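Student: Starting from these lines, generate the structure:
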Amino acid sequence: MRSVRDFLAGLGFFLQGMRWVAGNGRWWLFGLIPAVIAFAIYVAALIYLGTNALSLAETFTPFADTWAWREAFRVMVAIAVFLGGLALAVVTFTAVTLAIGDPFYEKLSGAVDPLPGEADEPWWRTLPRSLRDSLVTLGYVLLFTVPLFALGFVPVVGQTVVPVLGAAVSGFFLTVELTTQALERRGMARKQRFALLRGNKATSLGFGVGVFLLFLVPLVSVVLMPAAVAGAALMVRHRLSPHPIP
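Tutor: The predicted model follows:
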């Protein structure tokens, strides 16, 4: 029961982030700028993937050339390729948006989660570290999502268990990305942040899975990106921090 409560608490922090940006419209508009830029890049990439998915499927399946039902099989592979790209886009959208908008979201996180005596670092000092951490996180994501993508072709399991595991993995790493700034501002390095989130797995999953599922809806990821950053900052401030603030 505690895990369920913690999961719902994590989801609740995302809702709190939505309320925060709804009451602070200026910050919401401020946080939209990098999200819109990243969204335009991803739309172009997904359009390219969608128009070339069938050709990619043919390249990936030369062994099916002699099959009577090769066309139907390759259509299914093409759909799987596009859905895999879409899932990867959802997972990496946050990292890319945070990298593009590091100075924007640093200020947004600081407004949601002010720390006494905090000194702001120039963005050009924090950006290389943010990029490096994002690449490491992306490596972990691929370590899980590539096998899950392959398992997606297994009958029954690929349509039931794999989507649930995929949402959990994607949700956890979204939480990793979104809490980075608030935890870095508390002096926590990458390994410490991972350990903290693993120790609060249910809360981290509740927050991240909620964000992941909503971000699957077109344009929602853009509109709610500032809310996700705000919610992550609130979750760190009131729940995950080694010294939470009531």
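Student: Could you say which helix or strand holds the residue nearest to the spatial centre of the chain?
Tutor: Nearest residue to the geometric centre of the chain (Cα atoms, centre = their mean): L174, 3.2 Å. Secondary structure from DSSP states H and E places L174 in helix 157-184.
Student: which is the next helix or strand following that helix?
Tutor: helix 190-199.
Student: mind listing what A168 touches?
Tutor: L205, V209 (Cβ atoms under 8 Å, 6 or more residues apart in numbering). For every residue, glycine as well, the C-beta is placed using N, CA and C.
Student: thinking again about what came up before, now do the helix holding L174 against helix 190-199: the angle between them, please.
Tutor: Angle of helix 157-184 versus helix 190-199, following axes from the mean of the first three to the mean of the last three Cα atoms, to 10 degrees, is 130 degrees.
Student: now this structure, which segments are flagged as low pLDDT?
Tutor: 91, 117-131, 133-134, 149, 153, 157, 159, 218, 243, 246 (pLDDT under 70).
Student: Show me how far the longest helix belonging to the chain is from its chain's centre.
Tutor: Scanning the chain for the helix with the most residues, using DSSP state H, yields helix 25-60. From the chain centre to the centre of helix 25-60 is a distance of 14 Å (Cα atoms, centre = their mean, to the nearest Å).
Student: Check stretch 20-35 too.
Tutor: 18 Å.
Student: Tell me which helix or strand A78 sits in.
Tutor: helix 70-100.
Student: Which neighbouring elements make contact with that helix?
Tutor: Helices and strands touching helix 70-100, by 3 or more Cβ pairs under 8 Å, 6 or more residues apart in numbering; DSSP states H and E, are helix 25-60, helix 123-151, helix 157-184, helix 201-215, helix 220-235.
Student: quick one: contacts for A233?
Tutor: Taking Cβ under 8 Å, 6+ apart as the test, what A233 contacts is G17, L108, S109, V112, D113, T179, Q181, A182.
Student: so how far is F82 from it?
Tutor: 34 Å (Cβ to Cβ, to the nearest Å).
Student: Please apply the same query to F194.
Tutor: Relative to F82, and taking Cβ to Cβ, F194 is found at 31 Å.
Student: who has more neighbours, the two?
Tutor: More crowded of F194 and F82, by other Cβ atoms under 10 Å: F82, with 19 against 16.
Student: I figured that one hits N52, correct?
Tutor: No: contact between F82 and N52 fails when scored by Cβ atoms under 8 Å: they sit 9.6 Å apart.
Student: residues contacting the residue nearest to the centre of the chain?
Tutor: Counting by Cβ under 8 Å, 6+ apart, L174 touches V91, T94, G208, V211, F212, F215, A228.
Student: now it: how far from V161?
Tutor: Taken as Cβ to Cβ, the span from L174 to V161 is 20 Å.
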